[in-house]
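Trainee: Generate a structure from the sequence data that follows.
(2 chains)
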Amino acid sequence: MRALLLVILLSLVSAFPAWGADALVLQSTRDRAYCDAVKGFRASFPGSLRVVILKDYAEVDVVRLVQEERPQVVLAIGERAFSLAKRVRDTAVVTVLAPSLEHLRLQPNLTGIGIIAAPEQYLRLFRAMGKKRVGLLYDPSKTGPYVNQAVRMSRELGLTLEYCEVHSALEIQAALARLKGKVELLWMLPDSTILTAVNMEAFLIFSMQNKIPLVSYLKQHLQSGAAASLDIDNYDTGRQAGELSLTAPHPANRGRGSIVYPRKALLHTNESVLRKLGIAITAP
Amino acid sequence: MAPRAVLADEMEQLGFTAPAAEEFAASARLPRPTSRVAENVTVITAEEISRINAHTLSDVLQSVPGIELDYQRTPSTFAFFNIQGALNSTVLVLVDGVRQNDFDQNMATPGQIPVQQIERIEIIKGAASASWGSALGGVINIITKSPAPESKASGMLSGSIGSRFTADSRAELSGTVDRFGYYLNAGNLRSDGLTPNTAADQSNLYGKLTYLLPSKGKVTLGFSCLDSHPGLDEADTTEFGFVHDNSVFRRVNGFLKFSQPLYPHLFLDVDGYLTGRNDHTKLGGRDPGGAIAFFNDFKLSEATRGSNSRLTFDDGKRSLVTGVEYGHVRVSSRDLLSQAAPFYDLDWDSWALYANAAYTIGELTILPGIRYDSTGISGDSTSYTLGATYRLAEETTLRAYAAQGYSLPTPRAPGRLQKIRTVQGGIESGAVPYLWLKGTYFFNTLRHSESAGEMTITNQIRQGFEIEARTAPLFGLSLVSGYTYLYAKDSDTGEQLKTNSQQTVPPHLAKLALKYDSLRLGVRGTLSGNYVFWNGSGYPVSDRGMIWDLHLDWKIRPASDLSPQLFLSGHNLFNGNQTVDTTLYNTYPRWFEGGVRLFF
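Mentor: Alright, predicted model coming up:
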């Protein structure tokens, strides 16, 4: 009995204090995409990190964790991390890989990197594919701000964006039908209202039946018949977040936080589809 | 707040991330990952509470593997439970750290704890005295909701009505304005009684105010009031000529918490609380003239105040909580219709010192804990625990712990502390595709039988195992199940124990739930079944059939967080009867209820 007590007491004593980390990383799960972002962040952020995998916890009191850790910056990776990090008010928060970042008005201490490559990069790709009339479906509550910017920019680049608002996955078929005959290319955004497994098929069928290329945001869609994709580079997004952390807005700033686009996008193409459609991508 | 459609899986839906395995739940005095919790812990979230349209803590407990209510009657009436054969008088129930057990019998009545304000419930099955003091059979730790962080004012209104005018009305308001946050909840639950003598009427108010200090600390003020007319405990008393009138329970709780970071990783918490309890139970019958006359009016008064101060260090690999608790208790019980002296009229002071730690080396985490209690009523006690977890693989964890626990005697039967020694071990794994599994073996030795109040509990050995399983959703359908085997014996005589008026020791207990979720349609459904074998031969128990419940709800506009939600519940669909005493208590017959929740 005494020996057991001694073991317990020694174990208690051994839990002595250590220093806090410079960055608190809230990582939603151990998914590879998130791990790559952490690696990128490590490569560019000069301070120490404490990584908390939220999936391991039933509940995390992030505000308290920040108070305990006193980091210079909080990096939120993924939607759950972003949802929790929004509770932090007095420390700079940088968010990556969270879809809702695209459409929320951010509080002053929040900034982040979007999940979609900049509109300009897509539009230049479309021009390089020789397509000027581009069709697009979107939910204003999800990707509205992104599409607004894309519409403005398309005019500058001499492209015409035919966009249809949809508010439910049930409206997709009708919206696609409205685009028939009007567009030379179909652009698929990461919009969770629009993108379900069934609707993904509808986009591909539309693309095949109308013999127009489908351009996506994900390389995996090429296997299903998309002509090209512009993927964000998760590692580089992490690096970018590390650099952004060094200039993240001070929490005392007024106004709204803002997001920036991922600076690096990787172009992938489906040569077979492009050949069938007679498309050659020239240098954008 | 209300279950918002936080799209945690949106990245998965869009294809950015791979499909996620089932999430693990974890809990301890310090929030820790599953891989660092040695005890057998179950966590219930607000979302799970909402989907079974629970009225009180009773409804929630009945859904947890290893826990069984003695009987189910009208919501908010008396209902007692056991955890793996441990009486609920040995299970510590806390709401925001404030003890809910009375001192009269050490009982916490789950029917007197409404659920709308609950954010999550952490249930520790097994002795936890090294962290929590008097917690021989386990801990039910209830954490209430915090102010909504993203809105100045948001809330919910809900109403439901069902058989025997069983109606539940609730309102919730929550928000954050700069540094100030608030959460308010009010509710009323009433019924004409689904079983005899259980007409009930319960009103409650709960509030929590928070203020973020410029020093990065936080102050939280909480308060709750409850006024309950729960009907009669021993209800089916017609044959005895008893009647009941207005048994009234009143509870008032208040707490003030101060949290302050001192250095990186080091945190100071100072909590203070006040509680008041005033219960009247009237018993009566017909006088020779046929009029109702009361024989007794038992009044129980309890008032407590106390504090809990602790220092927490946690750097992710090592954590240590050290603290000191102080409590002052004043209790009295008497029959107001009798000239006799009170049954007791006592007050005492108690205090405790404790330390709990977690030390992680690679995949191994060692979890020691020790606590010294000066109970003020029954001498001193030192409780200790030593646990360990080992992460075999990404989603597989081995765990084991040994602990000593105690339970206080009651003022009615003062004596020594009742003590237990517990050894538990198990595995939890999500390694099998589409399946999450958890298995736990437990072995408890119970000593000092004379201190369990009015009940006579023998020296016992209680051992068994518990298996839980969940499947990943397929076409929106998933299956959740739990089975508990308990072998309890009198360690003096060696005979297997049976369920009777003194103890509830069901050898077989099974829970089953089929869940359906469709985000697209906004529909959730749960069909749940409960099986128990009491082993109460010679005693009027009933374990006839399974009790099946069906809960459905529908968000009219699935994509909107603010969509109204309709819900419908059918209880005991096939009129089963599971009770420890058919002469006094029987399960409610089949009944239905429906309602609507509105969010703003």
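
Trainee: Low-confidence ranges, the stretch 501-600 of chain B, go.
Mentor: B:559 (pLDDT under 70).

Trainee: ok, which residues in the stretch 101-250 of chain B are in contact with chain A?
Mentor: Counting by Cβ under 8 Å from any Cβ of the partner chain, the stretch 101-250 of chain B comes close to chain A at B:119-120, B:122, B:143, B:149-150, B:212, B:216-218. Every residue, glycine included, has its C-beta placed from N, CA and C.

Trainee: out of the residues you listed, what pair is the most spread apart?
Mentor: Taking Cβ to Cβ, the two most distant members of these are B:E122 and B:K216; they sit 26.1 Å apart.

Trainee: At the geometric centre of chain B, which residue sits there?
Mentor: Note on chain B: the residue nearest the mean C-alpha position is B:I140, at 4.3 Å, using Cα atoms, centre = their mean.

Trainee: Can you give me every residue that contacts that residue?
Mentor: B:57, B:61, B:91-94, B:108, B:121-124 (Cβ atoms under 8 Å, 6 or more residues apart in numbering or on different chains).

Trainee: Now the residues you listed in JSON lines, please, with extra columns for neighbour count, secondary structure and pLDDT.
Mentor: Output for those, formatted as JSON lines (neighbours: other Cβ atoms under 10 Å in any protein chain shown; DSSP: H, G, I helix; E, B strand; the rest coil; pLDDT from 0 to 100):
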{"residue": "B:L57", "neighbour count": "27", "secondary structure": "helix", "pLDDT": "97"}
{"residue": "B:L61", "neighbour count": "25", "secondary structure": "helix", "pLDDT": "96"}
{"residue": "B:V91", "neighbour count": "29", "secondary structure": "strand", "pLDDT": "95"}
{"residue": "B:L92", "neighbour count": "27", "secondary structure": "strand", "pLDDT": "95"}
{"residue": "B:V93", "neighbour count": "24", "secondary structure": "strand", "pLDDT": "96"}
{"residue": "B:L94", "neighbour count": "18", "secondary structure": "strand", "pLDDT": "95"}
{"residue": "B:A108", "neighbour count": "22", "secondary structure": "coil", "pLDDT": "92"}
{"residue": "B:I121", "neighbour count": "25", "secondary structure": "strand", "pLDDT": "92"}
{"residue": "B:E122", "neighbour count": "24", "secondary structure": "strand", "pLDDT": "89"}
{"residue": "B:I123", "neighbour count": "25", "secondary structure": "strand", "pLDDT": "92"}
{"residue": "B:I124", "neighbour count": "25", "secondary structure": "strand", "pLDDT": "92"}
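
Trainee: neighbours around the residue lying closest to B:R391 once chain neighbours are set aside, how many?
Mentor: Distances taken as Cβ to Cβ, 6 or more residues apart in numbering or on different chains place B:E363 nearest to B:R391, at 4.1 Å, with adjacent residues excluded. Neighbour count of B:E363, defined by other Cβ atoms under 10 Å in any protein chain shown: 13.

Trainee: B:Y390 versus B:E363, what's the distance?
Mentor: Here B:E363 is placed at a distance of 6 Å from B:Y390 (Cβ to Cβ, to the nearest Å).

Trainee: Likewise for A:V62?
Mentor: 28 Å.

Trainee: Please identify which of those two sits among more neighbours.
Mentor: Counting neighbours by other Cβ under 10 Å for A:V62 and for B:Y390 shows that A:V62 has the greater number, 23 against 15.

Trainee: so who does that one touch?
Mentor: A:V62 makes contact with A:26, A:74, A:84-85, A:87-88, according to Cβ under 8 Å, 6+ apart.

Trainee: let's see it at 10 Å
Mentor: Residues near A:V62 by Cβ atoms under 10 Å, 6 or more residues apart in numbering or on different chains: A:24, A:26, A:52, A:54, A:74, A:76, A:81, A:83-88, A:93, B:149.

Trainee: The one residue in the stretch 351-500 of chain B that gets nearest to chain A pairs with what?
Mentor: Residue nearest to chain A within the stretch 351-500 of chain B (Cβ to the nearest Cβ): B:P368, separated by 3.9 Å. With DSSP bridges applied, B:P368 shows beta-bridge pairing to B:L386.

Trainee: right, and it touches B:A388 too?
Mentor: Yes - contact criterion Cβ atoms under 10 Å: B:P368 and B:A388 qualify, at 9.4 Å.

Trainee: More neighbours: which of the two?
Mentor: With neighbours defined as other Cβ under 10 Å, B:P368 and B:A388 compare such that B:P368 has more, 28 against 18.

Trainee: Next, count neighbours for whichever residue of chain B sits closest to chain A.
Mentor: Using Cβ to the nearest Cβ, the single residue of chain B nearest to chain A is B:P264, 2.4 Å away. A count of neighbours around B:P264, defined by other Cβ under 10 Å, yields 19.

Trainee: pLDDT weak spots in the chain?
Mentor: With no chain named, the answer covers chain A. Along chain A, segments meeting pLDDT under 70 span A:1-20, A:57-59, A:103-105, A:196-198, A:248-257, A:283-284.

Trainee: You answered for a different chain; I wanted chain B.
Mentor: Checking chain B against pLDDT under 70 turns up B:1-9, B:18-35, B:234-246, B:316, B:394, B:449-457, B:559.

Trainee: Provide the secondary structure category for A:E68.
Mentor: Using DSSP: H, G, I helix; E, B strand; the rest coil, the structure places A:E68 in helix.

Trainee: wouldn't it be in contact with B:H265 here?
Mentor: Yes - the criterion here is Cβ under 10 Å, and A:E68 meets it with B:H265 at 5.7 Å.

Trainee: How about whichever residue of the stretch 151-284 of chain A sits closest to chain B: what's its closest non-neighbour residue?
Mentor: In the stretch 151-284 of chain A, the residue that lies nearest chain B is A:P190 (4.4 Å; Cβ to the nearest Cβ). Nearest residue to A:P190, sequence neighbours excluded (Cβ to Cβ, 6+ apart): B:L14, at 4.4 Å.

Trainee: picking up where we left off before, just to be sure, the residue of the stretch 151-284 of chain A closest to chain B is in a helix?
Mentor: No - counting by three-state DSSP, one finds A:P190 to be coil, located in no helix.

Trainee: Next, please give the residue ranges for the helices of the stretch 1-150 of chain A.
Mentor: Per DSSP state H, counting those that start in this stretch, the stretch 1-150 of chain A has helices spanning A:2-14, A:32-44, A:62-69, A:79-85, A:119-128, A:140-156. These are given in chain order.

Trainee: most packed of these?
Mentor: Across the helices of the stretch 1-150 of chain A, averaging neighbours per residue (mean count of other Cβ atoms under 10 Å in any protein chain shown) puts helix A:79-85 on top, at a mean of 25.

Trainee: does the residue nearest to the centre of chain B count as helix, strand or coil?
Mentor: Three-state call for B:I140 (three-state DSSP): strand.

Trainee: For beta bridges, what are the partners of it?
Mentor: B:V93, B:I123.

Trainee: ok, now which ones touch B:R190?
Mentor: Per Cβ under 10 Å, 6+ apart, neighbours of B:R190: B:74-76, B:165-169, B:199-203, B:229.

Trainee: Let's see that with 8 Å instead.
Mentor: Applying Cβ under 8 Å, 6+ apart to B:R190 gives the contacts B:165-167, B:200-202.
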